[in-house]
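*Asks:* Give me coordinates for this.
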Amino acid sequence: MHRGRFIVEFSASMAAYMVVLVGSVWFLNISEIEGGWKTVVALTPMLPGAAVALSVMRQVRSSDELQHRIQLEALSLAFAGTALVTFSYGFLENVGYPKLSMFFVWPLMAVLWMVGGLISARRFR
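*Replies:* Sure thing, here's the model as predicted:
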């Protein structure tokens, strides 16, 4: 995928995600829906979220072998780092640290993926 096309697709998907997220949270706070519909509304941001994931996957799939290697190393760091941090914190919760929401896992993984990408790309310069 051409980089410009990826940026447009990714940005549009992220914008849609943010709009749907804000809309669903707003709707859940003002409405009195119950049961299954509440679940459906809460999960609606995942539709544009899936579009974000697909755009990233298409970009990686269309990249060259060096970029594949850089992304593999970056994702390896993100996967292992996220596992170490989340398990460590899980053990700390057993001794009284406050429980954290699952919402912290993806941002942690994303930050570690970016750090891993920077480290790996720097190695291949």
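
*Asks:* Okay, helices next: where are they in the chain?
*Replies:* 3-30, 35-43, 46-61, 65-93, 105-123 (DSSP state H).

*Asks:* what angle separates the second one from helix 3-30?
*Replies:* The reference is to helix 35-43. 140 degrees (axes from the mean of the first three to the mean of the last three C-alpha atoms, to 10 degrees).

*Asks:* Enumerate the positions of helix 35-43 that are buried.
*Replies:* By 16 or more other C-beta atoms under 10 Å, the buried positions in helix 35-43 come out as residue 41. Heads up, the C-betas are built off the backbone N, CA and C, glycines and all.

*Asks:* Relative to the whole chain's centre, how far out is it?
*Replies:* Put simply, helix 35-43 sits 21 Å off its chain's centre (C-alpha atoms, centre = their mean, to the nearest Å).

*Asks:* All further residue positions should be reported with the first residue as 617.
*Replies:* Fine by me, first position is 617 from now on; the one you just mentioned is helix 651-659.

*Asks:* hmm, who's touching that helix?
*Replies:* Applying C-beta atoms under 8 Å, 6 or more residues apart in numbering, the external contacts of helix 651-659 come out as 640, 643-644, 647, 649.

*Asks:* Now render the residues you listed as JSON lines, adding neighbour count, pLDDT and distance to residue 658.
*Replies:* Formatted as JSON lines, those follow (neighbours: other C-beta atoms under 10 Å; pLDDT from 0 to 100; distance: C-beta to C-beta, whole Å):
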{"residue": "640", "neighbour count": "17", "pLDDT": "96", "distance to residue 658": "6"}
{"residue": "643", "neighbour count": "14", "pLDDT": "95", "distance to residue 658": "10"}
{"residue": "644", "neighbour count": "13", "pLDDT": "95", "distance to residue 658": "6"}
{"residue": "647", "neighbour count": "11", "pLDDT": "89", "distance to residue 658": "12"}
{"residue": "649", "neighbour count": "12", "pLDDT": "88", "distance to residue 658": "10"}
